[in-house]
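Colleague: no sequence on hand, only this structure:
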């Protein structure tokens, strides 16, 4: 494998640098989303506005914009329009996720479904997707339309696959990677590849940015899953143990099952079979997480994908845009928000 980047250096500053660099374009993305989500139905506007303004890094939109910039896009507003599409797909999936997971908080703010109910939240998520597809059709690029529509299907497949394996303590690491590749990494890779598509890039560049985004997405999700066992909610807006209580088996639990003795495996199997898990269950599981350094093991795996992502950009000439994208890879592991 190629370069190993210094993971502890300037992780958050890389994201802030990217956000500052593209601030004007990102604001245009926000304005377009707001414009497109106008509706004659007041409740749709109220719910979508609450959801979209409850925080979020707009990382996927930024990746679309910066990938287009890296590959020389200098035309009108296609990068802005398609960055908005990517963000709408992401926002729609979060609305649906919160219903599936029965979540009450996202980024420290009450979820849409906890305020207005599940039925309305699902329908508003569908509304966001329909507006996204309107923008894609108006853009008229069949390659981009195929890429983003197939990505939406992959995300849905990933969510169903995760539900299918809910509570399986003996979940294979390979299956876990398949799940997060579909539900998370697919949209990251679509975001970065879209930027290359609208620039008229050669296939080699499209494949490089696809790899960059996919591996960045894998690292991001693995690190996010590890956060479930050590994050502080006031910083991340993430309820500690949320995945555990919902019965989601992620890499830290898979690590316990790989390293634990038979008694510990049996304990984990019984815990994950339960309809509801208690704080005592979480505390005992957390002790095993610490015993086998499962968080550290998970972050080491994420670090592997970070490095693959970093190296994927090697084909591009050195530039400020390349440097920023490569620096951004460490953000997935060391972000403080």
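Modeller: Structure received. All values reported here derive from a predicted model rather than from experimental measurement. Numbers count the residues shown, from 1 in each chain.

Colleague: and residue 294, how far from residue 228?
Modeller: Counting by Cβ to Cβ, to the nearest Å, the gap from residue 294 to residue 228 is 11 Å. Yep, even glycine has a C-beta here, placed from its N, CA and C like the rest.

Colleague: overlap of the contact sets of these two?
Modeller: Common contact partners of residue 294 and residue 228 (Cβ atoms under 8 Å, 6 or more residues apart in numbering): residue 252.

Colleague: ok, the two, which is more surrounded?
Modeller: Set residue 294 next to residue 228 and count neighbours by other Cβ atoms under 10 Å: residue 294 wins out with 26 against 23.

Colleague: how about that one, what does it touch?
Modeller: Each residue near residue 294 by Cβ under 8 Å, 6+ apart is listed here: 229, 251, 252, 253, 255, 256, 259, 288.

Colleague: for the strand or helix carrying the fourth one, enumerate the helices and strands it packs against.
Modeller: Yep, that's residue 253 we're talking about. Per DSSP states H and E: residue 253 is located in helix 251-259. Secondary-structure packing of helix 251-259 (3 or more Cβ pairs under 8 Å, 6 or more residues apart in numbering; DSSP states H and E): helix 173-180, helix 203-227, helix 262-273, helix 279-291, helix 294-312.

Colleague: ranges for the strands of the stretch 101-250 of the chain?
Modeller: Using DSSP state E, counting those that start in this stretch, the strands of the stretch 101-250 of the chain run over 105-106, 109-110.

Colleague: for those, give me a markdown table that also has mean neighbour count, mean pLDDT and distance to residue 61.
Modeller: Formatted as a markdown table, the strands of the stretch 101-250 of the chain follow (neighbours: other Cβ atoms under 10 Å; pLDDT from 0 to 100; distance: least, Cβ to Cβ, whole Å):
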| stretch | mean neighbour count | mean pLDDT | distance to residue 61 |
| --- | --- | --- | --- |
| strand 105-106 | 20 | 82 | 18 |
| strand 109-110 | 14 | 89 | 20 |
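
Colleague: for stretch 131-140, the averaged confidence score.
Modeller: Taken as a whole, stretch 131-140 has a mean pLDDT of 96.

Colleague: other residues contacting that stretch?
Modeller: Under Cβ under 8 Å, 6+ apart, the answer for stretch 131-140 is 32, 36-37, 78, 81-82, 84-85, 88-89, 92, 144-145, 148-149.

Colleague: that older thread, got CSV for the strands of the stretch 101-250 of the chain, with distance to residue 194 too?
Modeller: Listed next are the strands of the stretch 101-250 of the chain as CSV, based on distance: least, Cβ to Cβ, whole Å:
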stretch, distance to residue 194
strand 105-106, 25
strand 109-110, 29
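
Colleague: no further queries at this time; thank you.
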